[in-house]
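**Q** heads up, no residue letters with this:
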């Protein structure tokens, strides 16, 4: 699940996109926002802030 890849690790948005099969970051970002209601960068920031 992309959300878990971003929230539970130190992966970048690009690494998460490639990890789930997206080759274009814009396509990943659009699909992610439609599915989760926020941009992937917001999930990544929240995951990085968790101790």
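**A** The structure has been received and is ready for your questions. Please read these numbers as outputs of a predicted model, since none were measured by experiment.
**Q** which secondary element of this structure has the worst mean pLDDT?
**A** Every helix and strand of the chain was ranked by mean pLDDT, DSSP states H and E. The lowest is helix 2-7, at a mean of 69.
**Q** what's downstream of that helix, the next helix or strand?
**A** Going down the chain from helix 2-7, the next helix or strand is helix 13-19, by DSSP states H and E.
**Q** so what does that following helix touch, helix or strand wise?
**A** helix 2-7, helix 25-36, helix 40-49 (3 or more CB pairs under 8 Å, 6 or more residues apart in numbering; DSSP states H and E). Bear in mind the C-beta positions are built from the backbone N, C-alpha and C, glycine included.
**Q** most packed of those?
**A** With neighbours defined as mean count of other CB atoms under 10 Å, the helices and strands packed on helix 13-19 peak in mean count at helix 2-7, which reaches a mean of 19.
**Q** where does the chain dip in pLDDT?
**A** Residues of the chain that meet the criterion pLDDT under 70 lie in 1-3, 9, 48-51.
**Q** the residue nearest the centre of the chain: what's it in contact with?
**A** Centroid-nearest residue in the chain: residue 40, 3.9 Å away (criterion: CA atoms, centre = their mean). Taking CB atoms under 8 Å, 6 or more residues apart in numbering, we find residue 40 in contact with 2, 6, 13, 16, 17, 28, 29, 32, 33.
**Q** pick the one among those residues closest to residue 47.
**A** Proximity of the contacts of residue 40 to residue 47 (CB to CB) peaks at residue 6, which lies at 5.6 Å.
**Q** quick one: contacts for residue 21?
**A** Applying CB under 8 Å, 6+ apart, no residues contact residue 21.
**Q** just to revisit the earlier point, which pair of the contacts of residue 40 spans the longest distance?
**A** Distance extremes for these: the farthest pair is 16 and 33 at 13.6 Å, using CB to CB.
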